[in-house]
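Engineer: compute the structure for the input listed below.
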Amino acid sequence: MQISRRSVLMIACMSSAHSWSMAQDKPTIRILVGLPAGGGTDAIARYMAEKLREQLGQPVIIESRIGVGGRLAADALMTANPDGLTYMIAPNATPTFQMLVFGPQLKWNIWRDFAPVAGLVSYPLGMAVNADIGVKSVKEFVQWVRANPSKASFGTPGTSGQNHFLGVQFAKVAGIDLPMTPYKGTPPMITDLLGGHVPAGISLMDELIKHQKLGKLRVIGIFSEKRSELMPDIPTFAEQGFNVSSGDAWTAMWAPAKTPQAELNRVQQALQKILANPQVKDYLMTRLAVEPHFRNADEMAKTQREELATWEPIIKASGFKPD
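Structural biologist: A predicted model of the protein is given here:
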């Protein structure tokens, strides 16, 4: 029996409408994001929400709770109903560095109040300088800082995060005075970096690379242990003679503690399928300058413990005290 093209289209439309109707019958999942729109974390979260919507067949929305290095989103996650409908996507800086820097001041503890779901991506952090200062390497930037002490500083998307303490480490290793200028997210930092209001900045690489291609910024190095597949032409700080490395940063998803294990497994399995998709990998690497890096809950917990152990003595030695 032959089926006309019109009939096939009608069947496809009916199937699509049925799927849409089924999705609308399912409860909405919300993903809390604590960093500003336009930044790397927000872009990653929105892309993952779109793919989860397709994979789970139910509505998935982003809910912005911006402020205090992602702490407001974490506060909201802690008090959310653990019913499998609320999650948080955040960089490692939120749980790791907030815990180390603010400790007892926090309302939450990552081990007591959060359940890890899955690691999503990893990525290098790099330092870029305004092209007008004429610096092309880390060594040249150190020389520039020594020649221009009143102008020297580095911007970060916030205070007390990995970007901040990488800058502190670098200044110590280089033997220079390099004050930190914090911003409320990556977009305003990039704006000031492009405008010459801050000579250098440490951030995710997507915006830095974009403006380097336009000749407005120069990425002088990344803080990874080895060159990144994402940008193999950019050297590490270590290979330029400045041993500053903490491994790549990463972004992951958490749920409130006591969320049913079946719900955690369902979302984790969906994320694993999403991150294994070659088209997803291509988009993340070429558009967002991050690598898909699935970690299950146990792997995430191990990574967090290792990071806390690595950074605790560094932060203590820095003498940094939160306001």
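
Engineer: break down the protein into its helices, ranges please.
Structural biologist: 5-25, 40-56, 71-79, 98-102, 110-113, 138-147, 162-174, 186-195, 205-213, 261-276, 278-287, 297-318 (DSSP state H).

Engineer: can I get those in TSV with mean neighbour count, distance to S153 and mean pLDDT?
Structural biologist: Backbone N, C-alpha and C define where each C-beta goes, glycine included. Formatted as TSV, the helices of the chain follow (neighbours: other Cβ atoms under 10 Å; distance: least, Cβ to Cβ, whole Å; pLDDT from 0 to 100):
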stretch	mean neighbour count	distance to S153	mean pLDDT
helix 5-25	10	49	48
helix 40-56	20	22	96
helix 71-79	20	24	95
helix 98-102	19	20	89
helix 110-113	15	31	94
helix 138-147	18	9	98
helix 162-174	22	9	93
helix 186-195	19	10	94
helix 205-213	18	17	90
helix 261-276	17	37	97
helix 278-287	13	30	94
helix 297-318	15	16	90
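
Engineer: in CSV: the ones you listed, plus distance to P232.
Structural biologist: Shown next, in CSV, are the helices of the chain (distance: least, Cβ to Cβ, whole Å):
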stretch, distance to P232
helix 5-25, 41
helix 40-56, 20
helix 71-79, 34
helix 98-102, 32
helix 110-113, 34
helix 138-147, 17
helix 162-174, 21
helix 186-195, 23
helix 205-213, 12
helix 261-276, 22
helix 278-287, 12
helix 297-318, 24
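
Engineer: out of these, the one nearest L125 is which?
Structural biologist: helix 162-174 (6.2 Å; Cβ to Cβ).

Engineer: give me the distance from that closest one to the chain's centre.
Structural biologist: The chain centroid and the centroid of helix 162-174 are separated by 19 Å under Cα atoms, centre = their mean, to the nearest Å.

Engineer: how big is the angle separating that helix from helix 297-318?
Structural biologist: Calculated by axes from the mean of the first three to the mean of the last three Cα atoms, to 10 degrees, helix 162-174 forms an angle of 50 degrees with helix 297-318.

Engineer: give me the nearest residue to D206, chain neighbours excluded.
Structural biologist: A289 (4.0 Å; Cβ to Cβ, 6 or more residues apart in numbering).

Engineer: what score does the one you found have for pLDDT?
Structural biologist: Listed pLDDT for A289 reads 89.

Engineer: partner strands of the longest strand anywhere in the chain and their direction?
Structural biologist: Counting by DSSP state E, the longest strand found in the chain is strand 114-123. Strand 114-123 pairs in its sheet with strand 249-256 (antiparallel), strand 291-295 (antiparallel), by DSSP bridges.

Engineer: give me whichever of the ones you listed is most buried.
Structural biologist: Mean neighbour count (mean count of other Cβ atoms under 10 Å) peaks for strand 249-256 among the strands paired with strand 114-123, with a mean of 24.

Engineer: next, the angle helix 40-56 makes with that one.
Structural biologist: 50 degrees.

Engineer: CA atoms of strand 249-256 as CSV?
Structural biologist: In CSV, the C-alpha atoms belonging to strand 249-256 read as follows (Å, rounded to 0.1, in the frame of the first residue of the first chain):
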residue,chain,number,x,y,z
ALA,A,249,37.7,24.8,35.7
TRP,A,250,34.4,23.0,35.2
THR,A,251,30.6,23.4,35.3
ALA,A,252,28.2,20.9,36.8
MET,A,253,24.7,20.3,38.0
TRP,A,254,23.4,19.8,41.6
ALA,A,255,20.1,19.0,43.2
PRO,A,256,18.8,19.6,46.7
